[in-house]
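[1] following is a predicted model, sequence given first.
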Amino acid sequence: MQHIRDESDFEQLPDNIPVSATIADIEENKGFIDYFKFVIEVKTKGHSKYLIYRRYRQFSNLHQTLEAKYSPGDQEKPGPNTCVLPSLPGKVYIGNKKEIAESRIPELNTYMKKLLGLPTWLLLDEAPRMFFYQMDQDSQHQPRALRRLRPPTRKVKTVKPPKMDLFSSPRAEAMFDFRGNNKMELNLKTGELIFLLRRVNADWLEGTVNNRTGIFPESFVKIIKPLPECDSEGEGGGHTYSCLRCCLLTPSGIETRDVCVQEDLTIQPTYKDLLSRMSDVFKVEDFALNYRDAEGDLIRILDDESVQLMIKQAKGQQGKIKRPVNQFPWELIVTMTSDFSVYNTSP
């Protein structure tokens, strides 16, 4: 059965009701849990346009809510408060996350098109209205790219160095030649002056030289004037990155890593999130998470309460240990689960 909107019903809908939605791009969230979000351009009946950012599981939650309320189920004839819903692409458990997200775009676009073509009374339901509503975090988020909305002939605007008082701007000098591996990376020649735009993570910066903009490793340059410590976002719509110091402690030695995540320094991750992240970082199995207390003793983390205690104790030690401004005040130490010798005791 094909539902066709009644024109008079449609005219009575409020102007902020969405009438179309198209995925413009995908964006990766690199945090304690890595996942991809779909950047969706929504157009309303009142001709306004805005962007929202949704994960696949939010699509799934919406679909399950609508199915529970409106699906006719096994009924031969749908009732007045039932509706045949479009099919949602199923969950994929194995594979490259980026490739999975990219492959879902055509199906999700079709799903949204059919969903917004359903009877007007369903569009007034709270579930689809909240899904397509532009929340504060949506409006404050700056898209990194909108590949599917950009016309093929559109030129990407380059960021030029400031024209006034150049030598008061954050800048660096290239100490070695650097050749980028892709269009995002900036080619550098020894002696070139680079104007700094933002910090990408603990090791990479973004800057501009000779009207070319891109990212480059900090180790290849000498900082003449650093970026402001409070600078969290650059002109390119960059994101704040925080640095987590973590160590793998084994009988053969200590391996230290600085992991960059997009979460703010005030975040309290879950125990499960930390386990997943450390598994990705060190590629080990059957390990335990730990932290050092004020006396320097190793304390094993067992649950969310342990994480909360670790963060509380670390905040109490702030100021006593000098750290970069974007580094978490707590550190993780990964050990093997069976290794109780690190606690100066035995099981």
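    Everything's here; your move.

[2] now the helices: where do they sit in the stretch 1-150 of the chain?
    7-11, 56-70, 97-115, 120-123, 126-132, 136-140 (DSSP state H, counting those that start in this stretch).

[3] among these, which is nearest residue 260?
    helix 97-115 (17.8 Å; C-beta to C-beta). C-beta here means a position set from N, CA and C on the backbone, and glycine is covered the same way.

[4] in the closest one, what's buried?
    For helix 97-115, a neighbour-count test (16 or more other C-beta atoms under 10 Å) marks 100-101, 104-105, 108-109, 111-112, 115 as buried.

[5] rounded mean pLDDT for it, please.
    On average, the pLDDT along helix 97-115 is 90.

[6] next one: that helix to chain centre, how far?
    18 Å (C-alpha atoms, centre = their mean, to the nearest Å).

[7] then stretch 95-113?
    For stretch 95-113, the distance to the chain centre is 17 Å (C-alpha atoms, centre = their mean).

[8] residues in contact with that stretch?
    20-23, 26, 28, 34-36, 38, 40, 56, 59, 86-89, 92, 148 (C-beta atoms under 8 Å, 6 or more residues apart in numbering).

[9] buried only: go through those for me.
    Neighbour counting by 16+ other C-beta under 10 Å classes 21-23, 26, 36, 38, 40, 56, 59, 86, 88-89 among the contacts of stretch 95-113 as buried.

[10] per-domain residue ranges of the protein.
    7-140, 166-225, 242-343 (automatic domain parsing).

[11] among the contacts of stretch 95-113, which ones are in strands?
    20-23, 26, 28, 35-36, 38, 40 (DSSP state E).

[12] could you dump these into CSV with pLDDT and distance to residue 261 added?
    CSV is the format used below for those (pLDDT from 0 to 100; distance: C-beta to C-beta, whole Å):
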residue, pLDDT, distance to residue 261
20, 90, 35
21, 92, 30
22, 91, 30
23, 91, 25
26, 90, 19
28, 86, 12
35, 85, 13
36, 89, 16
38, 93, 21
40, 92, 24
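
[13] export the residues you listed to JSON lines and tack on distance to residue 129?
    Below are these laid out as JSON lines (distance: C-beta to C-beta, whole Å):
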{"residue": "20", "distance to residue 129": "15"}
{"residue": "21", "distance to residue 129": "13"}
{"residue": "22", "distance to residue 129": "18"}
{"residue": "23", "distance to residue 129": "19"}
{"residue": "26", "distance to residue 129": "24"}
{"residue": "28", "distance to residue 129": "28"}
{"residue": "35", "distance to residue 129": "24"}
{"residue": "36", "distance to residue 129": "24"}
{"residue": "38", "distance to residue 129": "18"}
{"residue": "40", "distance to residue 129": "15"}
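
[14] from those, which is closest to residue 125?
    Closest to residue 125, out of all of the ones in strands among the contacts of stretch 95-113 and judged by C-beta to C-beta, is residue 21, at 15.6 Å.

[15] distance check, the closest residue to that closest one other than its chain neighbours against residue 50.
    Nearest non-adjacent residue to residue 21, counting by C-beta to C-beta, 6 or more residues apart in numbering: residue 112, 4.3 Å away. Residue 112 is 15 Å from residue 50, where distance means C-beta to C-beta, to the nearest Å.

[16] then residue 83?
    The value you get for residue 83 to residue 50, if C-beta to C-beta is used, is 26 Å.

[17] please apply the same query to residue 197.
    When residue 197 is compared with residue 50 (using C-beta to C-beta), they lie 26 Å apart.

[18] the two: who's more crowded?
    residue 197 (24 against 15; other C-beta atoms under 10 Å).

[19] I'd like the next helix or strand past the helix or strand hosting that one.
    Using DSSP states H and E, residue 197 falls within strand 193-199. The helix or strand immediately downstream of strand 193-199 is strand 204-209, counting by DSSP H and E.

[20] now that next one and strand 193-199, what's the angle there?
    140 degrees (axes from the mean of the first three to the mean of the last three C-alpha atoms, to 10 degrees).

[21] strands paired with strand 204-209, and their directions?
    strand 193-199 (antiparallel), strand 212-217 (antiparallel) (DSSP bridges).

[22] mean confidence score for it?
    For strand 204-209, the per-residue pLDDT averages 84.

[23] can I get that strand in CSV? Just the C-alpha atoms.
    What follows is strand 204-209, C-alpha atoms only, in CSV (Å, rounded to 0.1, in the frame of the first residue of the first chain):
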residue,chain,number,x,y,z
TRP,A,204,50.7,17.1,14.3
LEU,A,205,49.9,20.8,13.6
GLU,A,206,47.9,22.5,10.9
GLY,A,207,49.3,25.6,9.1
THR,A,208,49.6,27.5,5.9
VAL,A,209,52.6,28.4,3.8
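
[24] buried residues in it?
    Quick answer for strand 204-209 (16+ other C-beta under 10 Å): 205-209.

[25] now do stretch 257-275
    259-263, 269, 271, 273-275.

[26] swap in stretch 179-194?
    186, 188, 192-194.

[27] and those, which two are furthest apart?
    Going by C-beta to C-beta, the pair spanning those furthest: 186 and 193, at 12.5 Å.

[28] and for those two, which residues touch both?
    By C-beta under 8 Å, 6+ apart, the residues touching both residue 186 and residue 193 are residue 209.
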